[in-house]
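Trainee: Here is my input, please return the structure:
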Amino acid sequence: MAEKISSRQRWYKSGCYAMNKIKVYTDEDIAFAICKALRLRGFEIYTTFEAGKSANQDIEQVVYANSIGAVILTHNVQDFPRLHYALTGKGGHHCGIIIAKQISVGEIVKSILRLSTVLSAEDMRDRLEYLSNW
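Mentor: Residues are numbered from 1 along each chain as shown. Predicted coordinates:
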């Protein structure tokens, strides 16, 4: 008889967890000042530039973010929502997508702090969040 795997076990195998704290992978259009400010506040941040992924397509960015168990933070309101719906509509998964308007560093950081106090990494799985709601 095959061993039953719980949804929690599948979650851990997917890599989208880190003791329920959100890890963030930033798209190339996110200012480094945002990354620096979030790191100073204890977030685990990965950047497209630091990962050597600047030339990658958007779908490749989502796949990479998923492989490291991170939500992706982007200003790209045109393409990433479409990717989210295409992926989840076909049964695909990602660790979460956060869309941020191009506003001040301080406002973006405050909004991510608010979001992270309410939503865990597990909550963000397959979720599309607009930072303007936070």
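Trainee: What is the longest helix of the protein by residue count?
Mentor: Using DSSP state H to define each element, the chain has its longest helix at helix 105-118.
Trainee: What lies in contact with that helix?
Mentor: 21-22, 24, 31, 33-34, 37-38, 41, 43, 73, 98, 100, 129, 131-132, 134 (Cβ atoms under 8 Å, 6 or more residues apart in numbering). C-betas here are computed from N, CA, C, even on glycine.
Trainee: List only those of those flagged as buried.
Mentor: 22, 24, 34, 37-38, 43, 73, 98, 100, 129, 131, 134 (16 or more other Cβ atoms under 10 Å).
Trainee: farthest pair in those residues?
Mentor: Using Cβ to Cβ, the pair of the buried ones among the contacts of helix 105-118 lying farthest apart is A37 and E129, separated by 18.6 Å.
Trainee: From S120, how far out is F49?
Mentor: 27 Å (Cβ to Cβ, to the nearest Å).
Trainee: cool, and T48?
Mentor: Taken as Cβ to Cβ, the span from T48 to S120 is 24 Å.
Trainee: which one of the two has more residues nearby?
Mentor: More crowded of T48 and S120, by other Cβ atoms under 10 Å: T48, with 21 against 15.
Trainee: Without its sequence neighbours, what residue ends up closest to the more buried one?
Mentor: E28 (4.4 Å; Cβ to Cβ, 6 or more residues apart in numbering).
Trainee: can you pull the contacts of that neighbour?
Mentor: Per Cβ under 8 Å, 6+ apart, neighbours of E28: 48-49, 54.
Trainee: on that earlier part again, can I get the buried ones among the contacts of helix 105-118 in JSON lines including pLDDT?
Mentor: Shown next, in JSON lines, are those (pLDDT from 0 to 100):
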{"residue": "I22", "pLDDT": "93"}
{"residue": "V24", "pLDDT": "97"}
{"residue": "I34", "pLDDT": "97"}
{"residue": "A37", "pLDDT": "96"}
{"residue": "L38", "pLDDT": "96"}
{"residue": "F43", "pLDDT": "95"}
{"residue": "L73", "pLDDT": "97"}
{"residue": "I98", "pLDDT": "98"}
{"residue": "A100", "pLDDT": "97"}
{"residue": "E129", "pLDDT": "97"}
{"residue": "L131", "pLDDT": "95"}
{"residue": "W134", "pLDDT": "93"}
